[in-house]
Structures are given as structure tokens and as C-alpha cells.
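**Student:** when you get a sec, could you give me coordinates for this:
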Amino acid sequence: MTPRLAASALLPLLALLALASLLAALAAGSVALSPAELFAALGGEPGLARDVVLELRLPRALTAFAVGGLLALAGALMQVLLGNPLADPYVLGVSGGAAVGALLALLLGVAGISVTAGAFFGALASIVLVFGLAHSRGERSPTRLLLTGVVMAAGWGAGINLLLTLAPDAPLRGMLFWLMGDLSQAGFPGAGLAVLAVGVAATLPFARDLNLLARGELQAGALGVSVGRLRLHLYLVASLLTAAAVTLGGSIGFVGLIIPHLLRLLAGSDHRMLLPASVLAGGALLTAADTLARTALAPQQLPVGVLTALLGVPVFLYLLTRSGR
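**Tutor:** This is a model prediction of the structure:
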């Protein structure tokens with residue numbers, strides 16, 4: 001048995017971990033900053049350090065935290081929604097659907113909120129298709145859900161390749177880099193943090209209902225949960241979270257898979273703990289991964305999605321074998 005941590009201990013530890021990852025992201029780079037220089041820059045002391053921290057590193061670090069939190073929260077919701085502990089936006093094709101919607105908007109020459117809207121509807125279409133096809137005969141099998149998601153992800157991947165083939169040469173490299181996960185163009189992080197706050201506020205009040213739904217639809221319905229309404233709510237919120245994450249950082253995989261699942265192993269499945277813990281741990285993980293992506297081979301930057309995949313693939317395989325046992 002894996003020892004369980006109490007929520008009263010886990011959440012403060014994750015908050016400290018998130019803070020540490022943000023401070024490391026602000027200090028690390030081509031111009032390394034000492035702790036004294038970093039806090040002086042954060043305090044507004046004029047100079048090069050202030051400009052580097054406040055104008056370049058802080059927006060990117062906060063965007064990375066927001067994207068990681070969005071993906072982890074979406075993964076936690078999808079694992080309850082689909083009754084599958086190995087579900088996440090990437091594995092189930094939801095990130096692919098959002099990427100196709102965003103790329104279509106870009107190819108049509110629109111920008112801004114239209115790209116986010118395209119990503120949202122692509123994510124929503126993907127999650128509805130996965131859930132609908134996997135339950136077309138009333139069956140409820142985690143294997144069926146997982147295989148349906150994998151097939152959907154492959155289909156969206158083909159759509160992405162088609163759109164890249166049709167794209168003009170000029171933006172092609174940027175689109176490819178973005179699809180692999182790219183935070184180098186991160187601007188003001190307010191939108192991502194706002195969507196993350198809305199997602200937490202829209203789901204945390206339903207933590208008890210999520211706990212009941214995780215035990216089964218019949219039991220949840222017998223205890224007064226409006227299962228159909230709750231599922232629709234989860235569809236919309238998970239799609240919005242995924243769309244915002246894809247719009248901000250491209251297609252970044254495995255964060256939504258490994259974070260909620262590992263937290264369940266550490267501290268149990270109470271969503272009153274799991275939802276905020278997923279946000280903190282997902283944000284810390286992606287912030288640390290992005291810091292490594294921009295410093296490992298500096299001045300060349302790696303796509304952050306490559307690093308999350310290098311971490312996520314072995315963890316995913318381990319979880320599959322563990323589930324099989």
C-alpha cells in the first residue's frame with residue numbers, strides 16, 4: 001500500500017513547490033540572477049535585472065503555471081467524466097481537437113478570441129465524440145474509452161498534418177513549434193490565470209458530487225446527484241480548460257495524465273483536495289519543465305512538450321502495467 005498524505009500537509013507542500021518553481025524560473029536563464037538580485041528586481045529596483053524579470057521571465061513563468069494547472073485540472077475532470085484513471089486531454093485526443101480548431105482559425109486569417117473559440121469547439125467536439133462512441137452500446141469499459149481516445153487522437157493528428165500541408169511556408173515553422181508545445185511567445189498571463197481561476201471556482205463546489213460520480217452513476221443518482229447535468233457541466237469546463245491551455249502553449253501532453261493520477265496514489269481521491277492539488281502540482285511541473293526547456297541548450301530553446309513527453313511516456317507505461325497487475 002502506498003502511504004497517503006493528509007490534504008492539510010499536501011496542499012501547503014505543493015504551494016511551496018509551486019512558489020519554488022516560479023522563483024527558479026525567474027532566476028535561471030542566460031543572465032543568471034542571485035536571490036538578492038531577483039528580489040530587488042521583483043521589488044522594482046531599476047536596472048537590467050528588473051527588465052529581464054518583469055518583462056520576459058515573469059509573464060512566461062506565470063503562463064507556464066497557468067497552462068500546467070489548466071491541463072492537470074482538465075485531466076482530473078476527464079478521469080471522473082470518463083471513469084478512466086488514465087484519461088487526459090492529450091491521450092484522449094481532446095488536445096488534438098483543440099489544436100485542429102485553433103489551426104483552422106489561424107488558416108482562415110483570424111486571431112485573438114476566434115482562435116480560442118476554435119480551440120474550444122474542437123476540444124468540445126472531441127470529448128463528445130470520445131464519450132459518445134465509447135458508450136454507443138451502453139457499455140462502460142475503461143479499455144473501450146482509452147482505445148476510442150487513442151483512435152480519436154490519431155484522427156486529429158491526421159487532420160493537423162493536413163492543415164500543416166495546406167499552410168503557407170512562412171508561418172509553418174512557428175506552427176510546428178507551437179504544436180510541440182511552445183511558451184516562447186507568452187505575453188500577458190492574465191487570461192490564462194483568469195480561466196484557471198474560473199475553472200477552479202466552477203468545479204470545486206461540485207467536489208462532493210464528483211466523489212459520488214467516481215463511485216458510479218447509479219450510486220451518485222441514488223444519492224441525489226443530477227448526473228446528466230453534472231456531466232454536461234464537466235464537458236463544458238474541461239473543454240474550456242483544454243482550449244485555453246492549447247491556445248496559450250500548444251499541444252502539451254501527459255501533464256493531465258500523470259499529475260491527477262499520482263496525486264490519487266499519494267493522498268486519495270477526495271476531489272476537495274485533488275482539484276486544487278492538481279492545479280498546484282501541474283503548474284509547478286510545467287513551470288519547471290519550461291525552465292529546463294529554455295536553459296538546457298541555451299541559447300537554443302526546446303519545445304516544452306518534448307520534455308513533458310519524455311517524462312510522461314515512461315510514467316504512462318508504468319501506470320498501465322501497474323493497472324494490469
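**Student:** so where is this structure shaky, pLDDT-wise?
**Tutor:** Low-confidence segments of the chain, defined by pLDDT under 70: 1-7, 111-113, 135-142, 174, 319, 322-325.
**Student:** and the residue nearest to the spatial centre of it, what does it touch?
**Tutor:** Centroid check for the chain by Cα atoms, centre = their mean gives Leu71 as the closest residue, at 1.4 Å. Each residue near Leu71 by Cβ atoms under 8 Å, 6 or more residues apart in numbering is listed here: Asp88, Pro89, Leu241, Thr242, Ala245, Ile252, Val255, Gly256, Ile259, Gly282, Leu286. All C-beta atoms are positioned from the backbone trio N, CA, C, and that covers glycine.
**Student:** equivalent analysis for Met175, please.
**Tutor:** Under the criterion of Cβ under 8 Å, 6+ apart, the neighbours of Met175 are Leu103, Leu106, Leu164, Ala167.
**Student:** quick check: the farthest pair among the residues you listed?
**Tutor:** The largest distance within those, taken as Cβ to Cβ, falls between Leu106 and Leu164 and amounts to 10.9 Å.
**Student:** which of those two has more residues huddled nearby?
**Tutor:** Per other Cβ atoms under 10 Å, whichever of Leu106 and Leu164 has more neighbours is Leu106, with 19 against 14.
**Student:** surely the more buried one and Ser114 touch.
**Tutor:** No - with contacts counted by Cβ atoms under 8 Å, Leu106 stays clear of Ser114, the gap being 9.2 Å.
**Student:** just the contacts of Leu71: which are in strands?
**Tutor:** Helix and strand membership here follows DSSP state E; of these, not one is in strands.
**Student:** out of those residues, which is most surrounded?
**Tutor:** Neighbour max across those (other Cβ under 10 Å) = Pro89, 37 neighbours.
**Student:** quick one, what contacts that residue?
**Tutor:** Counting by Cβ under 8 Å, 6+ apart, Pro89 makes contact with Leu71, Ala74, Gly75, Met78, Ser95, Ala98, Ala123, Ala238, Thr242, Ala245, Gly256.
**Student:** could you find the closest non-adjacent residue to the last one?
**Tutor:** With Cβ to Cβ, 6 or more residues apart in numbering as the measure, Gly75 is the residue that lies nearest to Gly256, at 2.5 Å, once sequence neighbours are left out.
**Student:** the one you found and Val279, how far apart?
**Tutor:** If you measure Gly75 against Val279 using Cβ to Cβ, to the nearest Å, the figure is 11 Å.
**Student:** contact partners for Val94?
**Tutor:** Ala74, Met78, Ala123, Ser126, Ile127, Val130, Ala238, Ser239, Thr242.
**Student:** these in helices, which ones?
**Tutor:** Counting by DSSP state H, those place Ala74, Met78, Ala123, Ser126, Ile127, Val130, Ala238, Ser239, Thr242 in helices.
**Student:** skip the chain neighbours and tell me the closest residue to the fourth one.
**Tutor:** By that I understand Ser126. Once flanking residues are discounted, Ser126 sits nearest to Gly97: 3.0 Å by Cβ to Cβ, 6+ apart.
**Student:** much appreciated, bye for now.
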